[in-house]
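> Task: produce atomic coordinates for the following.
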Amino acid sequence: MATYKKRGYKPNTKEEQQNSVEDQSTTAEVFNTLDEGASKTEEWVAKNQKYIFIIIGAAALVILGYLGYEEFIQEPKEAEAANEMFQAQQYFDSALAGSSAQSDSLYNLALTGGQGKFGFEDIIENYGGTKAGNLANYYAGMAYLNTNQYDKAIDRLEDFKSDDEILAPLAKGAIGDAFMQIDQPENALDFYEEAAKMRDNSFTTPKFLMKAAVVAIKLGEGSTAEEYLTRIKNEYPDAPEANQVAVYLGQAQAMQ
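Numbering: from 1, shown residues only. Sure thing, here's the model as predicted:
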């Protein structure tokens, strides 16, 4: 058991006096050791202070450079890119809402620009490191998909990077659509499956499970199609795709 001594306590016995002397000696050694360590540290710092200052200065320059880049270069560039892309987005939205006769020309304007403003391709080329530049890859890919330029659609959509709940799987699924159009159903199935797995929501997940099931039936993979259709039936009964499950499920089961 530890023994605690009050302040002002004086050792009475010879043994206590001896222990007190030993304690003082040990304490003195500890302080001497600390002093020696501190002296060595001071000597090392003094000897290497030039290099220390260089390292600290370099780190400070990196931090200040990054902050300056973000504030004075990247942020204005982001704003400029978003402003430039506004007109291209207007063309794209009009193409979606317009008749098929008008849509192709509007998609082309969205891609190449008009009224003195950049198109999506110009945004990608000039503002590739911005959020707007990345988003332009998605719009450009969808514009190419809707104008039957499937190879270009695949290239642009693969360049699009996003964590968005909806856009990320839509882009991936659109690549599947492009592969279907160029008669590569095996590749299309891979992308539909990936799109279905990317997020779990009632919009994109059943949408791409259904597309994957239909392609699986086309490829003679009845069990795979049945698995996806059953998921739609059980997990997303309120999705529009659930209304089609019965028809395709019969086809999938008949193949097994």
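> Which parts of this structure are strands?
Counting by DSSP state E, one finds strands in the chain at the ranges 113-114, 117-118.
> how about those strands in CSV, adding distance to residue 128, mean pLDDT and mean neighbour count?
To be clear about C-beta, it is placed using only N, CA and C from the backbone, and glycine gets the same treatment. Below are the strands of the chain laid out as CSV (distance: least, Cβ to Cβ, whole Å; pLDDT from 0 to 100; neighbours: other Cβ atoms under 10 Å):
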stretch, distance to residue 128, mean pLDDT, mean neighbour count
strand 113-114, 16, 90, 18
strand 117-118, 12, 90, 20
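> what sits against the residue nearest to residue 148 when sequence neighbours are not counted?
Among residues not flanking residue 148 along the chain, residue 181 sits closest, at 7.3 Å (Cβ to Cβ, 6 or more residues apart in numbering). Shown in contact with residue 181 (Cβ atoms under 8 Å, 6 or more residues apart in numbering): 145, 148, 150.
> So which residue is smack in the middle of the protein?
residue 163 (4.6 Å; Cα atoms, centre = their mean).
> Low-confidence bits of the protein, can you list those?
The chain contains residues with pLDDT under 70 at 1-74.
> Now with 80, please.
The model of the chain has pLDDT under 80 over residues 1-77, 81, 98-101.
> which stretches of it form helices?
Counting by DSSP state H, the chain has helices at residues 14-69, 75-97, 100-112, 120-126, 131-146, 150-159, 167-181, 185-198, 204-218, 222-235, 245-254.
> Now the last one: buried residues?
Okay, so that is helix 245-254. Neighbour counts over helix 245-254 (16 or more other Cβ atoms under 10 Å) mark 245, 248-249, 252 as buried.
> Can you tell me which of the residues you listed is closest to residue 108?
residue 248 (36.1 Å; Cβ to Cβ).
> and the closest one, what is it in contact with?
210, 213-214, 217, 225, 229.
> Turn these into CSV, columns for neighbour count and distance to residue 156.
As requested, these are exported to CSV (neighbours: other Cβ atoms under 10 Å; distance: Cβ to Cβ, whole Å):
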residue, neighbour count, distance to residue 156
210, 25, 25
213, 31, 27
214, 22, 25
217, 21, 29
225, 27, 30
229, 29, 31
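> Report the two of these separated the most.
210 and 217 (10.9 Å).
> returning to that earlier point: from residue 198, how far out is the residue nearest to residue 148?
21 Å (Cβ to Cβ, to the nearest Å).
> before we move on, what about residue 192?
11 Å.
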